[in-house]
Structures are given as C-alpha cells and as structure tokens.
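In: give me a model of this one.
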Amino acid sequence: MENVLAPVREPERIGFLDLLRGFAVCGILAMNIQSFAMPGAAYFNPLAYGDFRGANYLVWLLANTFANQKFMTLFSMLFGAGVLLMCDRAQAAGRGAAGLHYRRMGYLLLFGLAHAYLVWAGDILVDYALCGLLVFLFRKTRPGWLLTSGLLFLLFGSLMNLMAGLTAGTYWPPEQLAEFELRMQPTAAKLAEELSTYRGSWLTSLRARAAESTEMQLTVFPFFTVWRVTGVMLLGMALYRWRVITGEASGRVYRRFIALALLVGLPATIYGSQRQ
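Out: Have a look, this model is predicted:
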C-alpha cells in the first residue's frame, strides 16, 4: 500500500519547534500592533505620530530593542526549517516533496494576496510564499553552503539598502526624495487623511490598501524583502540540518549563542536604537 502524507500527529510533533513558533508569533505582534493602531509612518519614525515621552518612549525602546526584526527573523528561520522538515517527512513516506511544496506555496500565495488587498497591506504571507518557492531549490544543499548562501543573500540586500541611503541626497530626483521624506514625517493634513481613510468603511480603505499592497510587492519585495527573508530562511535550513533549531544540539552550542547575543547582539541593538 502506498505511503501517504497526513497531518502530523501529536507524538510526531517537535515540541521545541512548536514552542519557538508560538514565541515568534507573539513577538511579531509587539511590532505589528503599531501598524494596526497608528499611521504607517509611526512604524519607522516614532516621532511621526503622538507623544514620544514617558511610557510611550519606554514602550518604543523595549519593542525596538527586543522585538523589532528579531521575531520576524526567528519566524523566517522556522519557515525555512519547516521546508526541510516537510521534505524529510515526504521522503520517509516514499513520496516526492516538490508537488506538495509548490501546492502549499500556491495556497499560501493566494491566501496572502486576499489578506493583503482585503484586510491589511502589511501582509507578509505573499513574500513568504515567493521566497518559499526560491529556498526549495536549496533543499539538497549541505548545511555549510546553506549558511554561506544565506549570508550572501543578507549581504547583498544590506548593500542595496546602504547604496540607496548613501545616494538618496545626491542621485534621487528631488520629487522622489521629497515624497520619501513626507512618508517618514507626514504633515498633520496627511496624517488626518490617512486616519480618515482607515477609520471609514471597508470600501473606503480598499483603494488605499490596494495601492500600499501593490507597492509592497512590486517595490519593497524585490529591493529588500526577498533578500532578507530568503537569506534568513536559508540560515534556518542550515540550523535545522545541524539540529540546532530543533533543540537537539548540545547545551554548549546554545550557551554560545546566548553569550554571543548578550555580548554582541544586545549592545549593538541598544546602540542602534539610541542612534535613531
């Protein structure tokens, strides 16, 4: 009788991965809730909307230090690990993984498009589906090359953003630079317009949400998101092959990660927050 793939039963689940997924989703909410509640510029510029003193400053500092990009990174790593986990299960069942994976990414893409245009322009599912199609090509790559490939993706994306920042004041057309500055620091009239749009009916916000989603997918994704998300997914795949992200590595490995985070990651993050 042919082996078939089925939903994972409780005894077969990897508890450590489930715990990390739940932790990542809760952490992502700490940042996304700003986009749910405030104008879009407030996510990148805390001075764009509302008071920035006392408790408001403390909440921003804690979220920016401990949540911003951290939990999204963790979730992207888990997504990459999940791709390999699915491949391993398919192989164990004597089935090919390609058809199953591409169907899953196709459904995720459709769900993400509906979410982006009908519910929230900050959707990330479309990006995950497209990056998931890409990282599947690396499924048979050795862990060391997965790590190298992931770092190269991240490096290229970082260089693109660095060049964009360095050339903004010199090579960007004046109208484009003015539009960018207005987005980061909108006028009172612009803020009032955005609030009125999203506090109105669903049909009122549909046009604005569609424009934002289109820009995210046609501009932000190819120049930023694809490099970052793909790179981090590949790192997650490497950590899965090394059994680090599944909780199976030695205690010494995790202690080294914790030490690196405390001695390098945390000071660098705090410094970056203060520089902002």
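
In: for the closest residue to residue 20 other than its chain neighbours, helix, strand, or coil?
Out: Sequence neighbours aside, residue 78 is the residue nearest to residue 20 in space, at 5.9 Å (criterion: CB to CB, 6 or more residues apart in numbering). Backbone N, C-alpha and C define where each C-beta goes, glycine included. Taking DSSP: H, G, I helix; E, B strand; the rest coil as the rule, one finds residue 78 in the helix state.

In: low-confidence stretches in the chain?
Out: Along the chain, segments meeting pLDDT under 70 span 1-12, 272-276.

In: what residue is smack in the middle of it?
Out: Note on the chain: the residue nearest the mean C-alpha position is residue 72, at 4.3 Å, using CA atoms, centre = their mean.

In: so how far is the helix or strand hosting that residue from its chain's centroid?
Out: In this assignment (DSSP states H and E), residue 72 forms part of helix 70-92. Distance of helix 70-92 from the chain centroid (CA atoms, centre = their mean, to the nearest Å) equals 14 Å.

In: that one: which residues count as buried?
Out: 70-87, 89-90 (16 or more other CB atoms under 10 Å).

In: check the burial of residue 175 by counting its neighbours.
Out: By the criterion of other CB atoms under 10 Å, residue 175 has 8 neighbours.

In: tell me the SS of it?
Out: Residue 175 is classified as helix under three-state DSSP.

In: cool, and residue 122?
Out: What three-state DSSP gives for residue 122 is coil.

In: quick check: angle from the helix or strand containing residue 114 to helix 70-92?
Out: When elements are assigned from DSSP H and E, residue 114 belongs to helix 98-118. On the basis of axes from the mean of the first three to the mean of the last three CA atoms, to 10 degrees, helix 98-118 is oriented at 150 degrees to helix 70-92.

In: and the next helix-or-strand element following helix 98-118, how far out from the chain's middle?
Out: Following helix 98-118 in sequence order, the next helix or strand is helix 125-135 (DSSP H and E). The chain centroid and the centroid of helix 125-135 are separated by 11 Å, computed with CA atoms, centre = their mean.
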